[in-house]
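**Q** Here's a sequence, model it:
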Amino acid sequence: MIKFQFKLLIALFLTVSFHAYAQEQAPANWFNLDLSADKVHGVSTEKAYNELLKNKKPKKTVLVAVIDSGVDPEHEDLKDIMWVNPKEIAGNGKDDDGNGYVDDIHGWNFLGGKDGKNVNYETLELIRIYRELKAKSKLSGSEKKTFEMVKKEYDAKLDEIKGLQARFQPIFDAIATLEKHFGNSTFTLTQVKEIQEGSDDQLKKAKATFSSIAERFGGDAAAAMDYFKGRVGEYVDGQLKYNLNVDFDPRNIIGDDYSNQTQKDYGNSDVYGPDAEHGTHVAGIIGAIRGNGKGMDGVANNVRIMSVRTVPNGDERDKDVANAIRYAVDNGADVVNMSFGKAFSYNKKIVDDAVKYAEQKGVLLVHAAGNDNKNTDVEFNFPTPLYMSGKDQYKRGKKKANNWIEVGALSWMPESDAPAVFSNYGKTTVDLFAPGVDINSTIPEDQYKPNSGTSMAAPVVAGVAALVKSYYPELSAAELKVCLESTVTPISYKVKKPGTEELVDFKDLCIKSGVVNAYNALKKAEEMVKAKK
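**A** Next up is the predicted model:
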């Protein structure tokens, strides 16, 4: 999940000039704007409110579950729209409503222990599978095949991160040398350039190296420091210490019986957790309070946000995802946002069963397609709406959930640059695209920040779905899916396939060949509801 953000930052460093990139700013609130009026591929939210909903009142408050890293329930733009469990008494240490979860006021945390401790970092799923199979004395034929697959991927990823570390080590060393020289981390490019020529060789080298990279950030030394030390450095360290470390296993913090994949009675009520930036950002896109003059406006104006903490800094576990979906459904969610994904699955069946449960209960699932600029027609990004075929979870089945929308990310750039360079795509596996680059939204402690990723595109769609549902509650999850997908703003020109310079038709990137549109969806919903009467 969160690792996706670091990956796309590295992709940007390798493919564009930061100086040029920094000179072009995304229009404010661009994801809510309109193509015709504002010349940017927003989803026409403001147009919908100004023209279609001006004198209309919503009929229903829609509950959107955010299955993510956690949400800050006290954020100034979110606290008044956080879901409050009406049958639970806060802080009394009892399961008042009998749903199996104690003090679940704003949701639940499947990454916590009963003692209040929480998992933050995790390994990748391939590491967990590799570790489990490596420990076995004898493997079956299918297990051998899986072991070879994950070992190959593990070796490749380890080589990749070590290569990345070696590539950026001179920059890390230069920053360390300059920090030691100045005695702090707040030096400017001007100060660096004023270092005297008589300095020792190491300092002169640091001066030259840092000056060069800072120029790529338009001379902004603080931005260069934030990128290399705070982001790339964290990414490399996190991969080596946690994500790709076969000896790291934090599951004991939770205290569940992991061998019991159907177990549900674990976790705690801390919906914030140790790192709630990602989930808080997602929640704001969906429904940050509109028109209050604070920060930004979310898409939907009559929602409640349920936080279901399931996604660590690493790969989420299928057991937790399945329980999170079921928790959301059982506690009244109408829409579930899932801005996470991984290349391998440990127990796809248990997630499939939860998706089927949501399907039976009429709950819409919105999922981010992933940020590896890969074709998900041929490569996996779990979970998926295609149910398992037989016992092989890597064999694509034919039956597909009818309550699932898979979302790719769009940038605010014009014409051929419209698809985000990092976005996954798939002619038969990604349903549509939505804004996902430089999306300004809420982050913890009453702050706001632009982030990028399909993680940002999915909640735009979840927000549109919630908006439509609030005015047209008669629509089922399957009908909501049809409503949103049949009313996209089509992209008829050639675009760059994400991560390449190859020009392709947009229909080669997603099933519906377009961008979700709130205005069009609301008009269609009106027609659909009238046709039902």
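**Q** where in this structure is pLDDT low?
**A** 1-24 (pLDDT under 70).
**Q** Now do the domain split for it, please.
**A** 3-123+263-532, 128-243 (automatic domain parsing).
**Q** Go through those domains and name the closest to D256.
**A** For these, proximity to D256 was assessed by Cβ to Cβ; domain 3-123+263-532 is nearest, at 3.9 Å. C-beta coordinates here come from the backbone N, C-alpha and C atoms, glycine included.
**Q** and that closest one, how far out from the chain's middle?
**A** 7 Å (Cα atoms, centre = their mean, to the nearest Å).
**Q** and the residue nearest to the spatial centre of the chain, which of the three is it?
**A** Nearest to the mean C-alpha position of the chain, by Cα atoms, centre = their mean, lies S455 at 2.6 Å. Each residue gets one of three states, and S455 gets helix by DSSP: H, G, I helix; E, B strand; the rest coil.
**Q** I'd like the distance between the closest residue to it other than its chain neighbours and N243.
**A** Excluding the flanking residues, the one nearest S455 by Cβ to Cβ, 6 or more residues apart in numbering is S339, at 3.7 Å. Computed as Cβ to Cβ, to the nearest Å, the S339 to N243 distance reads 18 Å.
**Q** Looking at these two, which is more packed in?
**A** S339 (31 against 22; other Cβ atoms under 10 Å).
**Q** helices or strands next to the lengthiest strand in the chain in the packing?
**A** Ranked by residue count, the top strand of the chain under DSSP state E comes out as strand 392-400. On a contact count with 3 or more Cβ pairs under 8 Å, 6 or more residues apart in numbering; DSSP states H and E, strand 392-400 meets strand 386-389.
**Q** after the longest strand of the chain, next one along is what?
**A** Next along the chain after strand 392-400, taking DSSP states H and E as the criterion, comes strand 404-410.
**Q** Which helix or strand lies directly C-terminal to that following strand?
**A** strand 432-435.
**Q** for that following strand, packing partners?
**A** Here strand 432-435 touches strand 404-410, helix 454-471, strand 514-515, going by 3+ Cβ pairs under 8 Å, 6+ apart.
**Q** re the thing from before, is it possible to export the domains of the chain to CSV including distance to D249?
**A** CSV is the format used below for the domains of the chain (distance: least, Cβ to Cβ, whole Å):
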stretch, distance to D249
domain 3-123+263-532, 7
domain 128-243, 8
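**Q** Point out the most buried one among those.
**A** Mean neighbours per residue, mean count of other Cβ atoms under 10 Å, is largest over the domains of the chain for domain 3-123+263-532, with a mean of 21.
**Q** My guess is C510 contacts T428. True?
**A** No - using Cβ atoms under 8 Å, C510 is not in contact with T428; the gap is 9.2 Å.
**Q** which residues are in contact with both of those two?
**A** The contact sets of C510 and T428 do not overlap (Cβ atoms under 8 Å, 6 or more residues apart in numbering).
**Q** out of the domains of the chain, nearest to R251?
**A** Nearest of those (Cβ to Cβ): domain 3-123+263-532, 7.5 Å.
**Q** ok now do G70, which residues does it touch?
**A** N109, D270, V271, Y272, G273, P274, D275, A276, G279, T280, S307, R309.
**Q** if we can go back for a sec, how close does the residue nearest to the centre of the chain get to A283?
**A** Distance from S455 to A283, by Cβ to Cβ: 12 Å.
**Q** Ok, G436 next?
**A** 16 Å.
**Q** residues in contact with the residue lying closest to V464 once chain neighbours are set aside?
**A** Among residues not flanking V464 along the chain, A518 sits closest, at 4.7 Å (Cβ to Cβ, 6+ apart). Applying Cβ under 8 Å, 6+ apart, one finds that A518 lies in contact with V43, S44, T45, K47, A48, V299, V464, L467, V468.
**Q** tell me which of the residues you listed is nearest to G514?
**A** Nearest to G514 among the contacts of A518, with distances taken as Cβ to Cβ, is V43, at 10.9 Å.
**Q** So the closest one lies in a helix, does it not?
**A** No - read with three-state DSSP, V43 is coil and lies in no helix.
**Q** who's in contact with it?
**A** Here V43 is in contact with F31, N32, V299, A434, P435, V460, V464, V515, V516, N517, A518 (Cβ under 8 Å, 6+ apart).
**Q** Dump these to CSV, plus distance to T177.
**A** CSV is the format used below for the contacts of V43 (distance: Cβ to Cβ, whole Å):
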residue, distance to T177
F31, 41
N32, 45
V299, 46
A434, 44
P435, 41
V460, 43
V464, 50
V515, 47
V516, 48
N517, 52
A518, 51
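**Q** okay but V246 is in contact with L126, surely?
**A** No - between V246 and L126 there is no contact under Cβ under 8 Å: 10.3 Å.
**Q** When the two are compared, which one has more neighbours?
**A** Neighbour totals were compared for V246 and L126, and L126 leads with 23 against 13 (other Cβ under 10 Å).
**Q** residues in contact with I81?
**A** Residues in contact with I81 (Cβ under 8 Å, 6+ apart) are G287, A288, I289, V303, R304, I305.
**Q** Now do the nearest residue to the fifth one once chain neighbours are set aside against V363, distance only.
**A** Nearest in space to R304, with sequence neighbours left out and distances taken as Cβ to Cβ, 6+ apart, is W83 at 4.2 Å. The span separating W83 from V363 equals 14 Å under the rule Cβ to Cβ.
**Q** swap in K54?
**A** 30 Å.
**Q** How far does the helix or strand encompassing I213 sit from its chain's centre?
**A** Counting by DSSP H and E, the element that carries I213 is helix 201-215. Relative to its chain's centre, helix 201-215 lies at 35 Å (Cα atoms, centre = their mean).
**Q** All further residue positions should be reported with the first residue as 744.
**A** Happy to do that; since the first residue is 744 now, the last one works out to helix 944-958.
**Q** what's that helix packed up against?
**A** Using 3+ Cβ pairs under 8 Å, 6+ apart, helix 944-958 is in contact with helix 884-925, helix 932-936, helix 964-968.
**Q** Those: which one's closest to E817?
**A** Of all the helices and strands packed on helix 944-958, helix 964-968 sits nearest to E817, with 28.3 Å by Cβ to Cβ.
**Q** How much space separates the residue lying farthest from the centre of the chain from A1065?
**A** For the chain, the residue at maximal distance from the C-alpha centroid (Cα atoms, centre = their mean) is G941, at 48.9 Å. Distance of G941 to A1065, computed by Cβ to Cβ: 65 Å.
**Q** quick one: which two of the contacts of A1261 are the most distant?
**A** So, the contacts of A1261 by Cβ to Cβ: farthest apart are K790 and V1211, at 14.5 Å.
**Q** rewinding a little: out of the domains of the chain, which comes closest to I996?
**A** Comparison of these against I996 by Cβ to Cβ identifies domain 746-866+1006-1275 as nearest, at 5.2 Å.
**Q** all strands for the stretch 944-1093 of the chain, in order.
**A** Taking DSSP state E, counting those that start in this stretch, the strands of the stretch 944-1093 of the chain run over residues 1046-1052, 1078-1081.
**Q** Export the ones you listed as JSON lines, with columns for distance to D840.
**A** Listed next are these as JSON lines, based on distance: least, Cβ to Cβ, whole Å:
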{"stretch": "strand 1046-1052", "distance to D840": "14"}
{"stretch": "strand 1078-1081", "distance to D840": "20"}
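**Q** Out of these, flag the one nearest A1111.
**A** That would be, of those and by Cβ to Cβ, strand 1078-1081, which comes in at 6.9 Å.
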